[in-house]
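Enquirer: Sequence plus the predicted model coming up.
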Amino acid sequence: MAKYLVHQSGPLSGEVVISGAKNAVLPLMAAALLSEDKCVIRDVPQLRDVAFMKEILASLGAEIEDVEENTISIITEDIISTEARFDLVNKMRASILVMGPLLARKGRARMPLPGGCAIGARPIDLHLKGLEALGAEIIFNEAESYVEARAGGQGLIGDTIYLDFPSVGATENIMMAAVLAEGITYIENAAEEPEIVDLANFLNKMGAKIKGAGTDTIKIEGVKHLGGAKHTVIPDRIEAGTFMLAAAITRGNVRITNAVPDHLKPIIAKLRECGVRIEVGDEYLIVRGDLGPQSATDIKTLPYPGFPTDIQSPFMAFLTTVEGTGTVIETVFENRFMHVSQLRKMGASIETAGNKAIVKGGAVLRGTQVMATDLRAGAALVLAGLVAEGITEISEIYHIERGYEKFIEKFRGLGAQIEKTEE
Ligand code: UD1
């Protein structure tokens, strides 16, 4: 099994260029299924999750070509299967995103129940509720662990859908189903994440009529047909946030380019509260962890534009090293504290009660053997490892490679000492 060996590295410095967003590119790729014409997507990060999505699309009939590094083209002249394969779906929860496009284009979609990071139950009830509101019949077979959606004879028909929670994936799936539905769909209490806006922009380039993406109400006027489109993926705000925290935790000085500071407001605000200086430019940020002392703050994860759940664990790693005590409240996922036990193994003082963690700062972290329990937990352990005495040996790193492009190379470029070993 491959592992990362992270050495105590001192302050990071230099420049890091952020890749295209994992959470944007996966729905964009799924959306390409909606047209028989060519879609070209640029700034595609080379990640395991992207490779999984390519496999899923290919198994459904898409032809995918690597046009050049980080640019792919997808042509789906015909959908050859409306059933996603269990072995592929089981690897990645985001594979559920092909459901909306399959249903819209072929009137049927059958999915094994999705896998992915083990961060809670992560049901798909809101996806199904939305598709049902558009007129699909939902057949949910728990015993055989699959779900099927079938459009009636008239196809999908627009309706108003209120989401009980602004789920990112459900908003995307419903949006992709509704673009080819008859009439108008409103998604109320929709997710407002930048990745939703990116998807709407792409769909509109394909010929869809979507308004309001990025607000809590999205209006989708159905069209008969979508064509091809060319699109560049937005920068990954979670990767940018991870490197911001890397600069902060190592008391470093890092310039982060190809970032959208507007997407990073909660992280900027919270780091500033802790005493980290941040210069914000047009498409860059300079994060100075090296100026003055750092003290604790409290964070509470929320749907966008609140503090992102994906940065909760890296931020917690940072809080273990500052002065004072901070509270972390996780409201988006019910089981997203698996990194706590691993950080404790490294010497962190963290108490948890339900969805609340109290993090005592000033810990002297020590390198030891730890496990990346999920993608962002893995990133948190790398950050902790950079400041821990000795060597931190991180296993299960495939989680990290699912979502960070050239992770080690980028860290090394900033002076971090990290190696990958294959045992
Ligand atoms: C996406 C991101 C993930 C991020 C999350 C929240 C992708 C590929 N992944 O995941 O990195 O952490 O948004 O910002 O974009 N829920 C339900 N029923 C549903 C759907 C969701 O109860 O039908 C719940 C989930 O269990 C979870 C919460 O809603 O507790 C948020 O999930 P959601 O916003 O759907 O996240 P994902 O789209 O899975």
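Expert: Nice, I can see it.

Enquirer: so what's Thr421 up against?
Expert: Ala2, Lys3, Tyr4, Leu5 (C-beta atoms under 8 Å, 6 or more residues apart in numbering). Every residue, glycine included, has its C-beta placed from N, CA and C.

Enquirer: What sits closest to the first one if chain neighbours are left out?
Expert: Distances taken as C-beta to C-beta, 6 or more residues apart in numbering place Glu422 nearest to Ala2, at 5.1 Å, with adjacent residues excluded.

Enquirer: and that neighbour, how many residues sit next to it?
Expert: 6 (other C-beta atoms under 10 Å).

Enquirer: do the same with Asp49
Expert: By other C-beta under 10 Å, neighbour count at Asp49 equals 22.

Enquirer: Can you verify it is assigned to a strand?
Expert: No. Assigned with DSSP: H, G, I helix; E, B strand; the rest coil, Asp49 falls outside any strand and is helix.

Enquirer: Spatially nearest residue to it (excluding sequence neighbours)?
Expert: The nearest residue in space to Asp49 (C-beta to C-beta, 6+ apart) is Arg402, at 4.8 Å.

Enquirer: Mind checking what secondary structure the one you found has?
Expert: helix.

Enquirer: Report the contact partners of it.
Expert: Lys22, Leu47, Arg48, Asp49, Met92, Leu375.

Enquirer: what's the answer for His231, then?
Expert: Leu28, Cys39, Val40, Ile41, Arg42, Asp198, Asn201, Phe202, Lys205.

Enquirer: Confirm for me that the first one is in contact with Arg42.
Expert: No. Taking C-beta atoms under 8 Å as the contact criterion, Leu28 and Arg42 are not neighbours in contact, 10.4 Å apart.

Enquirer: how about the single nearest residue of the stretch 151-300 of the chain relative to the ligand, phi and psi?
Expert: Nearest to the ligand, among the residues of the stretch 151-300 of the chain, is Gly169, at 2.8 Å (C-beta to the nearest ligand atom). Dihedral angles of Gly169 (phi, psi; degrees, to the nearest 10) stand at phi -60, psi -40.

Enquirer: quick one: contacts for it?
Expert: Shown in contact with Gly169 (C-beta under 8 Å, 6+ apart): Arg93, Ala94, Ile96, Leu97, Ile124, His127.

Enquirer: if we look at the ligand, which of the residues you listed are close to it?
Expert: Filtering the contacts of Gly169 for proximity to the ligand by C-beta under 6 Å from any ligand atom leaves Arg93, Ala94, Ile124, His127.

Enquirer: ok, the first one to Gly20 distance?
Expert: According to C-beta to C-beta, to the nearest Å, Arg93 stands 19 Å off from Gly20.

Enquirer: So which of the two has more stuff around it?
Expert: Neighbour totals were compared for Arg93 and Gly20, and Gly20 leads with 25 against 19 (other C-beta under 10 Å).

Enquirer: Tell me the pLDDT of Leu113.
Expert: We have a pLDDT of 74 for Leu113.

Enquirer: Pull the number of nearby residues for it.
Expert: 19.

Enquirer: Quick check: phi and psi at the residue nearest to the spatial centre of the chain.
Expert: The centroid of the chain falls nearest to Asn23 when counting by C-alpha atoms, centre = their mean (3.9 Å). For Asn23, the backbone dihedrals (degrees, to the nearest 10) come out as phi -70, psi -10.

Enquirer: Same question for Thr309.
Expert: phi -60, psi -30.

Enquirer: For the lowest-mean-pLDDT helix or strand in the chain, buried residues please.
Expert: Lowest by mean pLDDT, DSSP states H and E among the helices and strands of the chain is helix 86-89, with a mean of 84. Within helix 86-89, the residues scored as buried using 16 or more other C-beta atoms under 10 Å are Leu88, Val89.

Enquirer: just checking, next helix/strand downstream of it?
Expert: Sequence order places helix 99-106 as the next helix or strand after helix 86-89, per DSSP states H and E.

Enquirer: hmm, back to that, between the contacts of His231, which is closest to Tyr304?
Expert: For the contacts of His231, the residue nearest Tyr304 by C-beta to C-beta is Asp198; the value is 12.4 Å.

Enquirer: Just the element for Val370, please.
Expert: strand 369-371.

Enquirer: any idea of the mean pLDDT for that strand?
Expert: 97.

Enquirer: re the thing from before, need the nearest residue in space to the residue nearest to the centre of the chain, chain neighbours excluded.
Expert: Using C-beta to C-beta, 6+ apart, the nearest residue to Asn23 is Glu195, at 4.8 Å.

Enquirer: okay, now the one you found: neighbour count?
Expert: Count around Glu195 with other C-beta under 10 Å applied: 26.

Enquirer: low pLDDT regions in the stretch 1-150 of the chain?
Expert: 114-122 (pLDDT under 70).

Enquirer: if we can go back for a sec, out of the contacts of Arg402, grab the one that's most surrounded.
Expert: Among these, the one with the most neighbours (other C-beta under 10 Å) is Lys22, at 26 neighbours.

Enquirer: From the ligand, how far out is the closest residue to that one other than its chain neighbours?
Expert: Of all residues not flanking Lys22 in the chain, Gly403 sits nearest, at 4.9 Å (C-beta to C-beta, 6+ apart). Counting by C-beta to the nearest ligand atom, to the nearest Å, the gap from Gly403 to the ligand is 8 Å.

Enquirer: what's the answer for Ser35, then?
Expert: Taken as C-beta to the nearest ligand atom, the span from Ser35 to the ligand is 21 Å.

Enquirer: Contact partners for that residue?
Expert: Thr76, Met206, His225, Leu226, Gly227, Gly228, Ala229.

Enquirer: Right, I'll leave it there.
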